[in-house]
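Novice: Could you work out the structure for the sequence below:
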Amino acid sequence: MPPSPPTCCALQKREIQWQWWSQDVIPALLNPYLQYLEASESLHEIKISYCACTPAPVHLMESGLFACSPVAPTLAVDLRVLEFMRTLFVRLTPNTTAWCEALESFLDGQGYQLQSKDNLWWQFSNAYHWYTVLATYADDHITGLVHPPPQASVQQGVRLQPSEYLCACCPLCFGGVPQKANTDQEDLDCIVCLDACFTQKRTNNPWNSATHDPPNPTSTVFIPESEVKAMEDGMRVPMSVLDGCGDSFHAADENWKKASTNFFADTGLMALLCHHDHVLWLVNMTSAGEKQHYALVLLKYLFEHLPTPTTVGLLYDIGCQLEHSCHKWKLLDEGILSRLKFGISVFHAYGHQWPCQIVYHPRKCVGFGLSDGEGCEQLWSSLKMLIPVLRVSGYHQRLFVLDNQICHFDRKAFAALGQWLNKKWTLCKSKKMLALERQSKNKGANLLAHILSLEKSVQDYQSHVDQLEMDLVNDRHSAAKSLLSKATKALQQKKSALGVSSQTDLYLLRNNKWLQTHTNAQALKIRIREHLQQCKFELQRLEGSFQNSANDNHLQSHVQSAIKRREPAISQLITTYNNLCDELLGMIQLQKAPPGAIPHLPIPTKGIFQLDVDSNIWQDCEPGEGSSEPPRWLADEAVHKGIRLMLEVDRCNEEERRLSREWSVLQEWFSMEWKSLHRALENEAENYKYHLKAHKHTLLAVYVDWKEKVQHIPHAWVPSENWGPTVEDVANYLAPASHTPSVEDGAEHPTDDFSEGYESDAVGALSEGDDELLLGIEEMALEEGCNMGQSDEEGLTDDEGWLEDVGNGYLPSSPPNSNALLENL
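Specialist: Got it, this is the predicted structure:
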């Protein structure tokens, strides 16, 4: 019995295919290709008859062409070419200039000489723009046929259900029945995230003014500029920031300019996204900083489209400051604030103070589940390809391009809702959340300890200033002098606030060895924490860089080297701190510490630069006397683990309840959508039925995918109705002949007349489902071609013998038996 042939690896198959192309196929195609070029030397003329009483664009549209101007057009473009461009330009940077240059070169090769390059670019760009407007307008029109305006969504000024706009944005968040949407009082009805981006700017150019760039007659996700201006004029907030978290983030400081208004007319974007990363609204920013009225107008719009009892969770990188301002200055109505729960996004949590993290971190807040609030960051990353072209575009053109791009993202996200639920459900089962709680007590002792800490900081700053003066580092010297001045001023203010008795206590505590060591350790920990936060912000800039130019690479290299230089200093500070911890522990063991004193926890050096939320770097111990035993949450490892486990279980339970509700909401929304579609098919005219059937085909496609992906998730409640499609509907969709709406059903394809004479490249009756079979045939042919050299020589039984035949030049000229297999299909 002959030995079995060796199995071809992917690399060997690719090599065989490469040699077929280079040695057989390409030489055989040379003469046919030259003959084709000779036969297609010039373009073909198409004659179109028209009537003077009908506009020329209408006549051209009936022939499958789109005019470049509304009156007397000199250029018309095939609709399929424009649709291809529309599909292409949402997947890469839109560049009609390069497209027109390539088209001109192609037309020159076909013997068609253009009189002016600018005319082609102008006319072609005009045709593409207005075709995109037409396609968007048509989509909105078909959606309006399926979803007529609701009659009872608002009664006596009270909204009963989410608006149609929100339902279209995200069916999972806003598509269900309101009274069933939330079965747990602590859970939030919907979760949204908010963030700003200052890379999407537009230059301050006179040619980009609104007079040269009129608005487009299409729907938009942008809030009108008049509404934003009205919100800004109605604010009564002075320029102030929070003392703790405001100092950590530039976004919290409205005076810190991220984009100069001297050079940019539009300085950035602010987005409001739902829990599933679907864009709800955008605001075009024109100020130099991230001002609060942009966030407030987004929230105001959201609550205007929601029923009155709906509760909302907001994740914002400075959500703590926004809530502080809203309550202090009454920026939002009490009816909105009572239904709004603020949080901070997970990625930005490390920059906030530890008490702020306890209150606002979504892993510790009740109701947020496993939401991270980083959907806006993903949106900015997806839009980064538009930065160059939109930097010099017109005002309304910039908004129009962004609208089209976001519509493309929404369509992709809509089709993947089932996959999203499946992925989140799987992650929820294995997600581990870790956190610690912290309590604060003995405020009087804290004030004294703070003063001692400030004195230590003043000494450190003074030593740093003296060292820099010796080194003559002028730029760093001024910064160090500023820090010294601030610390000295703060120390004086704290001392002036002390009474006579407190000043006596402060004098006595200076000679307390335990308190001095404890305070030094606390001050050292604060310095370590500040250095780590600074390194984290610098690493964030490296990880989020959008461009890789020479200057950016040089800057990134400089930042990386600076971080590397600071790592030994931070490690030395940690070593010094750990030594102080050992000294404190020794005092406790020798009974030289106050009764019930708690030492600082040592900081492990491994993984310290990640700034994990549960690292000992966040743990602060009080220096005063305590109980005879330390608190169990700090000293008992079992209690410590129990707190983490409790938080983990609570957040996972919230996420499971939310996913179960969304699964039930999705089925009910689809059932209502299916009924609305069938009512439209029964009532609308014949010329719309083709497009309604195309919409039906889209719904069947997502139904098949969604049901398969989410059927293992339990329902929060039993849906009142089933999905809607029957077994016959699904069978007709899965059949090869029903992948597109049939013309025999009464709908006439708008380009049937124009499509005559064009042949399809399909082979016989092959459907899309046969692609895998054709791929298998090719794989079989390649493997058989690999093994043809094995049949004549029984001695070559290993891979080396087979490769020797390939090296000697034996290759079949075509895949054996592939034609017979194709005929059998």
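Novice: Excluding chain neighbours, give the residue nearest to Pro94 in space.
Specialist: Among residues not flanking Pro94 along the chain, Val389 sits closest, at 6.0 Å (CB to CB, 6 or more residues apart in numbering). Where C-beta positions appear, they are placed from N, C-alpha and C, glycine not excepted.
Novice: which residues are in contact with the helix or strand harbouring that neighbour?
Specialist: Val389 is part of helix 387-390 when elements are defined by DSSP states H and E. For helix 387-390, the surrounding residues in contact (CB atoms under 8 Å, 6 or more residues apart in numbering) are Thr93, Pro94, Asn95, Thr199, Gln200, Arg202, Arg398, Val401, Leu402, Phe546.
Novice: Would you verify that the fifth one is located in a helix?
Specialist: No - judged by DSSP: H, G, I helix; E, B strand; the rest coil, Gln200 forms no part of a helix; its state is coil.
Novice: pretty sure it contacts Ser382?
Specialist: No - in this structure, Gln200 is not within contact of Ser382 by CB atoms under 8 Å, at 11.6 Å.
Novice: Please identify which of those two sits among more neighbours.
Specialist: Gln200 (23 against 15; other CB atoms under 10 Å).
Novice: quick one, what contacts the more buried one?
Specialist: Going by CB under 8 Å, 6+ apart, Gln200 touches Asp266, Gly268, Leu269, Trp380, Leu383, Leu386, Ile387, Leu390, Leu402.
Novice: Could you do Glu721 as well?
Specialist: With CB under 8 Å, 6+ apart, Glu721 has these contacts: Glu668, Ser671.
Novice: redo that, cut-off 6 Å
Specialist: Ser671 (CB atoms under 6 Å, 6 or more residues apart in numbering).
Novice: ok, so what distance separates the closest residue in space to Leu79 that isn't next to it in sequence from Phe89?
Specialist: Setting aside the residues directly before and after it, Leu79 is nearest to Gly64 in space (CB to CB, 6+ apart), at 5.2 Å. Distance of Gly64 to Phe89, computed by CB to CB, to the nearest Å: 20 Å.
Novice: before we move on, what about Asn95?
Specialist: Taken as CB to CB, the span from Asn95 to Phe89 is 8 Å.
Novice: neighbour count winner among the two?
Specialist: Taking other CB under 10 Å, Asn95 and Phe89 do not tie; Phe89 has more neighbours (20 against 12).
Novice: ok, which stretches of the stretch 201-350 of the chain are helices?
Specialist: 225-233, 245-248, 292-304, 319-329, 334-337 (DSSP state H, counting those that start in this stretch).
Novice: how about the first one as PDB, C-alpha atoms only?
Specialist: The C-alpha trace of helix 225-233 is given here as PDB (Å, rounded to 0.1, in the frame of the first residue of the first chain):
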ATOM      1  CA  GLU A 225     -25.700  76.200  17.700                       C
ATOM      2  CA  SER A 226     -28.500  78.500  18.900                       C
ATOM      3  CA  GLU A 227     -29.400  76.000  21.700                       C
ATOM      4  CA  VAL A 228     -25.800  75.800  22.800                       C
ATOM      5  CA  LYS A 229     -25.500  79.500  22.900                       C
ATOM      6  CA  ALA A 230     -28.800  79.800  24.900                       C
ATOM      7  CA  MET A 231     -27.400  77.300  27.500                       C
ATOM      8  CA  GLU A 232     -24.200  79.300  27.800                       C
ATOM      9  CA  ASP A 233     -26.000  82.600  28.300                       C
END
